[in-house]
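K.L.:
sequence plus the predicted model coming up.
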Amino acid sequence: MAERNEEFYQQRILKAQHLQQRGVELYPARFARTHTTVQAIQEFVSKHGDAPGEHGEDVVTLAGRVTAHRTMGRATFMDLRDGFGKVQAYFRKDTLGEDGYEMLNDLDLGDFVGVTGPLFRTRTGEPTVEVKGFTLVSKSMQPPPEKWHGLTDVETRYRHRYLDLMSSEEVRQTFVARSKVVTAMRRYLDDMGFLEVETPILQPQAGGAAARPFITHYNAMGQDFYLRIATELHLKRLVVGGFERVYEIGRIFRNEGLSHKHNPEFTTLESYQAYADYSDIMIVVENMVAHIAQEVLGAIQIEFKGQTLDLTPPWRRMTLRQAIMEHAGIDFLAHESTAALRSAVEAKGVGVAPSAGFGKLVDELLSTFVEPNLIQPTFLIDYPVELSPLAKRKPDNSRLVERFEAFAGGMEIANAFSELNDPVEQRARFTHQAQLRAEGDDEAELPDEDFLFALEHGMPPTGGLGMGIDRLVMLLTDNPSIREVILFPHLRRKE
């Protein structure tokens, strides 16, 4: 619950009463504007240029939130901001009359005001509306944050994002960029012949990833359901059904920890392409990310946490085995047993859960020693089969699968496989995962009989991709925390 500043609130209540006594409607149902601020300024510049003192004749009607209010005797200047930009408004007592001008005393920062009049440029060159008439569009009962200099308290920024958006142009532009990233991604995949689809968020069984799910109760069915932890298994059912290129952009829910890279509710792209393998998907990823950067930022060299990242394809390719040997000094393929690998990991000072299997141990080495060093875009390829129960084995090494993860800026941004399409082996993999769960690994995959039944009808060779949109936006907007790119991140409830 937000804390109201009672003193300011009562002051504004009093002003609202003054306005109502004048017959002013505080919250009219509609206001018709002829232009946005940006449109009006662009139209004025196209006709009159940008020389100071220029005066237009075309009357415009604009509306926006009052972000600055300066009174100088018989004249008042206000800055009005709409969803596209800002314009200055010039109110004169001689033009508005005594009563009209006096009404300005009851307007506050944060109010929405509509103005009508021609544009001109002041002596300093600022485009300004010469106000011939004005209307209160919406009365604000609370003052804006920090007089529009921006919020500094992080929790307030996240808990009351609308205040953050009001006060920071940089924050607004981050979320504009996020929207453009998703649009560019969709356009890229659509142009490749992919079909966008929607799969269930509530599922009778959580599958497609190693993660702990959120559980809810489905009253109409009298059963517990799960919020999806991945879209993978349903999308692959569609490949079985004959859709050769499908994708979904949507919310995923994993009942896990919070960090600067993790939010339990996040957005992913998952795509599946028949007659492709993980090598084909690497090309899709590097080309798509470079395309999105060019579309959204106009460049494929970007700044992230003080370093320049070059997204130009092709990206570096490196085996996971090679990367862990280089950064941790451990060859996981030289260890035949989980116990032997555990000893090697613990010798490096890494604490691991007693229930951690071979795959979890390798993943711990990756996240501890390798991932922080992968600054430039890099594909790590060929993962142990224990870490990837849904991926196809490599023909030349049955201990590894055809899987890659893409990293940039020291974090993972994508994960992809040559998808396992052998239903007999997939069942065996699920059985092994069930054993791990019985031994205490609550993130192990659960067998999904309906998915196995679908695979038994035949699925062509397929390359699958999962990409974290939040992390991609972090990279492209130079935001080191995932909470900066999610409009409403999860926060502990205030009692």
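P.N.:
Looks like it arrived, so ask away.

K.L.:
just the CA trace of stretch 259-278, in PDB.
P.N.:
Extracted C-alpha coordinates of stretch 259-278, given in PDB (Å, rounded to 0.1, in the frame of the first residue of the first chain):
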ATOM      1  CA  SER A 259      18.700 -12.000  -8.400                       C
ATOM      2  CA  HIS A 260      19.900  -9.300 -10.800                       C
ATOM      3  CA  LYS A 261      19.500 -11.900 -13.600                       C
ATOM      4  CA  HIS A 262      16.400 -13.800 -12.300                       C
ATOM      5  CA  ASN A 263      12.800 -13.000 -11.800                       C
ATOM      6  CA  PRO A 264      10.400 -15.900 -11.100                       C
ATOM      7  CA  GLU A 265       8.000 -14.500 -13.800                       C
ATOM      8  CA  PHE A 266       9.800 -13.800 -17.000                       C
ATOM      9  CA  THR A 267       9.300 -13.600 -20.800                       C
ATOM     10  CA  THR A 268      10.800 -16.000 -23.300                       C
ATOM     11  CA  LEU A 269      10.900 -16.800 -27.000                       C
ATOM     12  CA  GLU A 270      10.700 -20.400 -27.800                       C
ATOM     13  CA  SER A 271      10.900 -21.600 -31.500                       C
ATOM     14  CA  TYR A 272      11.100 -25.000 -33.200                       C
ATOM     15  CA  GLN A 273      12.200 -25.500 -36.700                       C
ATOM     16  CA  ALA A 274      11.800 -28.900 -38.500                       C
ATOM     17  CA  TYR A 275      14.700 -30.200 -40.500                       C
ATOM     18  CA  ALA A 276      17.200 -28.100 -38.600                       C
ATOM     19  CA  ASP A 277      19.800 -28.900 -35.900                       C
ATOM     20  CA  TYR A 278      21.600 -26.900 -33.300                       C
END
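
K.L.:
show me which residues of stretch 94-108 are buried.
P.N.:
Judged by neighbour count (16 or more other C-beta atoms under 10 Å), stretch 94-108 contains these buried residues: 95-96, 101, 103-104, 106-108. C-betas here are computed from N, CA, C, even on glycine.

K.L.:
closest to Gly207 among those?
P.N.:
Nearest to Gly207 among the buried residues of stretch 94-108, counting by C-beta to C-beta, is Asp108 at 53.8 Å.

K.L.:
let me see the contact set for the closest one.
P.N.:
Counting by C-beta atoms under 8 Å, 6 or more residues apart in numbering, Asp108 touches 12, 15, 66, 69, 139-140, 143.

K.L.:
ok, now Ser388?
P.N.:
Neighbour list for Ser388: 359, 401, 403, 417 [criterion: C-beta under 8 Å, 6+ apart].

K.L.:
let's go with 6 Å and repeat that
P.N.:
If you count contacts by C-beta atoms under 6 Å, 6 or more residues apart in numbering, Ser388 has them with 401, 403.

K.L.:
which pLDDT does the model give it?
P.N.:
pLDDT for Ser388: 90.

K.L.:
quick check: phi and psi at it.
P.N.:
Backbone torsions of Ser388, given as degrees, to the nearest 10, read phi -140, psi 70.

K.L.:
and if you look at Asp224?
P.N.:
Dihedral angles of Asp224 (phi, psi; degrees, to the nearest 10) stand at phi -80, psi 140.

K.L.:
number of nearby residues for it?
P.N.:
Neighbourhood size, Asp224 [other C-beta atoms under 10 Å]: 10.

K.L.:
report pLDDT for it.
P.N.:
What the model reports as pLDDT for Asp224 is 96.

K.L.:
change the start of the numbering to 371 and stick with it
P.N.:
In the new count, where the first residue is 371, that last one comes out as Asp594.

K.L.:
now it: how far from Glu424?
P.N.:
For Asp594, the distance to Glu424 (C-beta to C-beta, to the nearest Å) stands at 68 Å.

K.L.:
how is this protein carved up into domains?
P.N.:
Taking automatic domain parsing as the criterion, the chain consists of the domains 376-513, 536-685+746-854.

K.L.:
now these as TSV including distance to Leu736?
P.N.:
Formatted as TSV, those follow (distance: least, C-beta to C-beta, whole Å):
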stretch	distance to Leu736
domain 376-513	43
domain 536-685+746-854	8
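
K.L.:
just those domains: most buried one?
P.N.:
Stretch with highest mean neighbour count among the domains of the chain: domain 536-685+746-854 (a mean of 18; mean count of other C-beta atoms under 10 Å).

K.L.:
end-to-end on it?
P.N.:
End-to-end distance for domain 536-685+746-854, by C-alpha to C-alpha, to the nearest Å: 15 Å.

K.L.:
pLDDT score assigned to Glu373?
P.N.:
Predicted confidence (pLDDT) for Glu373: 63.

K.L.:
how about the one 4 residues further on?
P.N.:
Here, the pLDDT recorded for Glu377 equals 86.

K.L.:
ok, now the one 5 residues further on?
P.N.:
In the prediction, the pLDDT value recorded for Arg382 is 95.

K.L.:
that one against Gln512, yeah?
P.N.:
No - Arg382 lies out of contact with Gln512 (C-beta atoms under 6 Å); the separation is 7.4 Å.

K.L.:
hmm, who's touching stretch 600-614?
P.N.:
The contact list for stretch 600-614 (C-beta under 6 Å, 6+ apart) reads 565, 569, 577-579, 616, 618, 640, 642, 644, 818, 821, 824, 827, 829, 832.
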